[in-house]
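Chemist: Below are the sequence and a predicted model; questions follow.
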Amino acid sequence: MRVRNRIGGLLAASGVAAAAIAVMAVPVQAHHSFAMYDVQATRVFTGVVTRIDPAPNHLAIFFAPMNDERTNVARDEAGEPIVWSVEMAGSAQMARQGVSVNSFPPGTVFSVGLHPLRNGEPGGTRDGGLYRCPDRTPPEPGLHCDTVDGSVPIGEDPLATPTD
């Protein structure tokens, strides 16, 4: 009887250990909510990269939007560039699409659509295509990189259509 209880106890303990290992081996699929973004609104920007944050879960491009004339970046009352951020897929996925710290260095001109943050902060999540303008070739006034000869599309989607 004692042997049977010991074997049963060992089997139960082994089962618990195996279940714990299996649970830990499953990749975490948790993800944040997109409730912070206004998915009913779409803004389209042509901007100049200031930096890229290559976080594994979401790559973010920080950029200064260009003015409508496409001659400079938009500035605040103090004369400082206004900096926005656009959150995208993970860094590995974006690198496979051609977006990385090396391929979008500071000074790169690009166009992107985004769903803005609901709280009014200058940021959002990508909506639609992304286009990189050729070096030192911004688009014509009021237009975006998708209209420039030699621009590079990232992904297959067209540039989003603004709703505001």
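Modeler: Right, received. Where do you want to start?
Chemist: okay, CA-based contacts and neighbour counts for the rest of this
Modeler: OK.
Chemist: Can you pull out the low-pLDDT segments for this protein?
Modeler: 1-34 (pLDDT under 70).
Chemist: which stretches of it form helices?
Modeler: 2-25, 91-97 (DSSP state H).
Chemist: Just give me the neighbour total for Thr71.
Modeler: Neighbourhood size, Thr71 [other CA atoms under 10 Å]: 12.
Chemist: My error: substitute Pro56 in the last question.
Modeler: When neighbours are counted by other CA under 10 Å, Pro56 comes out with 12.
Chemist: before we move on, what about Ala89?
Modeler: Neighbour tally, Ala89, other CA under 10 Å: 16.
Chemist: before we move on, what about Gly107?
Modeler: As a burial measure, Gly107 scores 15 neighbours (other CA under 10 Å).
Chemist: go on, Arg126?
Modeler: 22.
Chemist: Now it: closest residue in space, sequence neighbours ignored.
Modeler: Leaving aside its sequence neighbours, Arg126 sits nearest to Leu114 (CA to CA, 6 or more residues apart in numbering; 4.3 Å).
Chemist: Quick check: beta-bridge partners of the one you found?
Modeler: Beta-bridge pairing of Leu114 under DSSP bridges involves Arg43, Arg126.
Chemist: Confirm for me that it is in contact with Gly124.
Modeler: Yes: the criterion here is CA atoms under 8 Å, and Leu114 meets it with Gly124 at 5.5 Å.
Chemist: So the two - more neighbours on which side?
Modeler: For the pair Leu114 and Gly124, the greater number of neighbours falls to Leu114 (29 against 26), based on other CA under 10 Å.
Chemist: For the more buried one, give me its contacts.
Modeler: By CA atoms under 8 Å, 6 or more residues apart in numbering, the contact set of Leu114 is 42-44, 86, 124-128, 160.
Chemist: what residues are up against the most centrally placed residue in the chain?
Modeler: Nearest to the geometric centre of the chain sits Met88, at 1.4 Å (CA atoms, centre = their mean). Listed by CA under 8 Å, 6+ apart, the contact partners of Met88 are 58-60, 94, 125-126.
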